[in-house]
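Novice: mind folding the following:
(2 chains)
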Amino acid sequence: MIKRIVHNVIFLIVAFASCCTYAQTKVFKGYKIEGDMLVFVFDKRDYEQASMASHLFDLEDLNIKNVVVSGEFNNWSKDKWSMIQIDENRYELRKKLSDFTDEFSWEFKFVINNRYWAEPSRRDENAVRAFENGHKLPTYNLKMYLAYPDKSGNVTFKLNGYDTARKVVLSGSFNKWNEDLFTMVRGKDCWTITLNIRPGEYQYKFIIDGEWIADPLNPNKKLNEFNGYNSIINVKAPINFMLNGFFDAEEVILSGTFNDWSENEYKMTRTKKGWVMTLMLSGGKHHYKYIVDNEWILDPNNPVREYDYDGNVNSVCMVK
Amino acid sequence: MKKILYRILFYLICITEVFASINPPGNSFFSTHDEVIFSKAEVLNEYTARIPFKLIDHLIVVEAEVLDKKGDFIIDTGSETLILNEVHFPLKKRFYSKKKRTSGVIAVMDDTFEKNVKDFILQNFNLKNKVSDIVNLSHIEKAKKMHLLGVIGYNILKDYEIFIDMHLNQITLSKVNKHGDLLDKNVYAEKIIDSINFNLKKHTIVINGKVDNEEVRFGLDSAAEFNQINKKVDKKVLKHFYPKRRLVLMGASNDKIEVLAGKLFRVKLSETVYFGPMYTVLTNLNKMNEAFGTNLDGVLGYEFFQQKRTIINYQKEKLYFVKYPILRH
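Specialist: The predicted structure follows:
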């Protein structure tokens, strides 16, 4: 019995490890995956600034005594996961992939001398805005990139059948048509993968044991340059519209290209500060205006505006 | 006698060739219906169109259709002409094509052939008799995993005021007269917050900027994926370049070069237009200067446009800047 459990555990670890290995072939800032090991890498030349209690310091000015990995996986501890110095500039910490929970949404950062956060640049490919209790912080964490397997991701791809296939891969414009990165998981009569993808329109195909096919369940297709079809997915994102003030108004309507300028569909909700509404919008540009008691107005808080075909000016919201 | 006949024949062939290269018969390449259509463009009126672009890595790419082929074009202010990708537009008759060098997209290319695109149409904008170069761009296609039909360069862009907007991911093209005045009075609904002058040297936008207090001649190239600074530039300038790692770059001519990448600090284009540290590579620009047709100390590319929503007016030799919105969530 115990032997069987051990076997199962080993199987799960191996499955998870292999899943992680093929789920990432590119080197991102802060970590790399080598076989079944996750290697955190800190190179002091990759960072310019460090912060402590909202104060910024030049990293060069710090006398580095130790570096610690801190993240969601260790409750952002500043002293538990000490790194080992490899050379003058580099520090490493090797962890077994199986030490982590089965998800790919870790955010982390490096801590210098148990006090200073090494600040990633917001331009780093895998940098994401840091949040605390739902509030945005003026700083960035490191994370996986644009589209990555994430069980709590926003899009699940599913391919029914193909029980006898050995390997099914999801390939698309979100991963530059990579033929290995997103291997799908075999389920009951189907193959699935859940990804976290930024809003926008993407093209994709499935590769079944080397053979490319469009998604049979998705009618939205586009002819490609090889005279075949690519499937198309439009990933939407929640966008908050806020109009401050106008406390005396009876009704405020949000109207735009997203609802064909309907004058009654989206009634905004009154709050202490003004009026709000959240819409799921697809990636790209949307023109909109507010109708305050039958009077059309531009969004006073949004400087981005454009002329439309008739020469009217609209507010413009960009989803990306 | 036979010899004379041969000579006459040879002479006639040569004459034909000369005529052909001066005035190439566009029809043999393109029918009168040939046109480039930006399928996703918003054409506001006869003068102005907004074309959405996508970023493939750091390249600005628009979707267009030409000769029943649909694919991507790179917007490249550093390129002299329209370049068509030989992979998709094979040369049918090479005998009257004249050999020349074309330039742009990171490096100099040899042995290109000139094509006369009779009608290069941007919806109802008819761009007649634009000379294009045919170059094999398959290596860019492969590296970027894109269906690259070609590159849109200076000879197409110069008739318009061009707003390259990295916030709305679109390019606005608006017709100008020979003085650079807009023919459409309602092009921008947003405020222009600043401007700088540039010099147009051949096809290249040259900005006289400063790094710290040293004068530096920058070229502005929308297809430069990285900013570049010349190795040969004054040491006082290089003092503000902090190298970080080595990178391998690929040029349009498919040669690979290893460069030193890092950050360039204190770049200033005027008293009010300045930049934070910019990701920059240290290269030998001497070969590049041939491509640009002028001597440059550096090239500003993707990161410039990412930091500044920029309007280019070639006739007035001016850049205008539109405010970046503060993003709310």
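Novice: bridge partners for the residue of chain A found nearest chain B, pull those for me.
Specialist: Using Cβ to the nearest Cβ, A:Arg305 is the residue of chain A that sits closest to chain B, at 3.9 Å. The way it works is simple: take the backbone N, C-alpha and C, and place the C-beta from them, glycine included. Beta bridges link A:Arg305 to A:Ser315, judged by DSSP bridges.
Novice: which residues touch it?
Specialist: By Cβ atoms under 8 Å, 6 or more residues apart in numbering or on different chains, the contact list for A:Arg305 reads A:Leu298, A:Val313, A:Asn314, A:Ser315, A:Val316, B:Ala189, B:Glu190.
Novice: need the residues of the stretch 1-150 of chain A near chain B, please.
Specialist: Taking Cβ under 8 Å from any Cβ of the partner chain as the criterion, the stretch 1-150 of chain A approaches chain B at residues A:Arg45, A:Asp46, A:Glu48, A:Arg123, A:Lys136.
Novice: A:Met52 reaches A:Trp117, doesn't it?
Specialist: Yes - here A:Met52 reaches A:Trp117: they are 7.1 Å apart, a contact under Cβ atoms under 8 Å.
Novice: higher neighbour count, those two?
Specialist: A:Trp117 (23 against 14; other Cβ atoms under 10 Å in any protein chain shown).
Novice: quick one: the strands in the stretch 201-329 of chain B?
Specialist: B:204-211, B:214-220, B:227-230, B:241-250, B:256-264, B:267-268, B:278-283, B:298-300, B:309-313, B:318-322 (DSSP state E, counting those that start in this stretch).
Novice: which strands and helices sit next to the last one?
Specialist: Translated: strand B:318-322. strand B:192-197, strand B:309-313 (3 or more Cβ pairs under 8 Å, 6 or more residues apart in numbering or on different chains; DSSP states H and E).
Novice: in its sheet, what does the longest strand along chain A sit against?
Specialist: For chain A, the strand that runs over the most residues, judged by DSSP state E, is strand A:229-244. Applying DSSP bridges, strand A:229-244 is found paired with strand A:200-208 (antiparallel), strand A:221-223 (antiparallel), strand A:274-282 (antiparallel).
Novice: just to be sure, A:Arg123 is in a strand?
Specialist: No - using DSSP: H, G, I helix; E, B strand; the rest coil, the assignment for A:Arg123 is coil, not a strand.
Novice: torsion angles phi and psi at it?
Specialist: Here is the backbone geometry of A:Arg123 (degrees, to the nearest 10): phi -90, psi -10.
Novice: next, count neighbours for the closest residue to B:His203 other than its chain neighbours.
Specialist: Once flanking residues are discounted, B:His203 sits nearest to B:Tyr154: 3.8 Å by Cβ to Cβ, 6 or more residues apart in numbering or on different chains. The local packing of B:Tyr154 (other Cβ under 10 Å) involves 20 other residues.
Novice: separation between B:Tyr154 and chain A?
Specialist: According to Cβ to the nearest Cβ, to the nearest Å, B:Tyr154 and chain A sit 26 Å apart.
Novice: that residue against B:Ile83, yeah?
Specialist: No - the criterion here is Cβ under 8 Å, and B:Tyr154 misses it with B:Ile83 at 11.1 Å.
Novice: confidence score at the closest residue in space to A:Thr257 that isn't next to it in sequence?
Specialist: Distance criterion Cβ to Cβ, 6+ apart; nearest residue to A:Thr257, sequence neighbours excluded, is A:His287 at 4.7 Å. pLDDT recorded at A:His287 is 96.
Novice: A:Val6 now?
Specialist: Value for A:Val6, per-residue pLDDT: 53.
Novice: how about B:Gln315?
Specialist: For B:Gln315, the model assigns a pLDDT of 96.
Novice: which residues of the stretch 51-200 of chain B fall in strands?
Specialist: Under DSSP E, counting those that start in this stretch, the stretch 51-200 of chain B gives strands at B:59-66, B:69-75, B:82-85, B:99-104, B:107-122, B:125-135, B:148-152, B:160-165, B:170-175, B:192-197, B:199-201.
Novice: next: the stretch 1-150 of chain A.
Specialist: Under DSSP E, counting those that start in this stretch, the stretch 1-150 of chain A gives strands at A:31-34, A:37-43, A:49-52, A:55-58, A:67-71, A:81-82, A:84-85, A:90-96, A:108-112, A:116-119, A:127-132, A:135-142, A:148-149.
Novice: let's have these in CSV, adding mean pLDDT and distance to A:Ser171.
Specialist: Shown next, in CSV, are the strands of the stretch 1-150 of chain A (pLDDT from 0 to 100; distance: least, Cβ to Cβ, whole Å):
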stretch, mean pLDDT, distance to A:Ser171
strand A:31-34, 68, 20
strand A:37-43, 83, 25
strand A:49-52, 90, 38
strand A:55-58, 87, 41
strand A:67-71, 91, 30
strand A:81-82, 92, 35
strand A:84-85, 93, 37
strand A:90-96, 87, 29
strand A:108-112, 92, 28
strand A:116-119, 92, 34
strand A:127-132, 76, 24
strand A:135-142, 80, 26
strand A:148-149, 71, 14
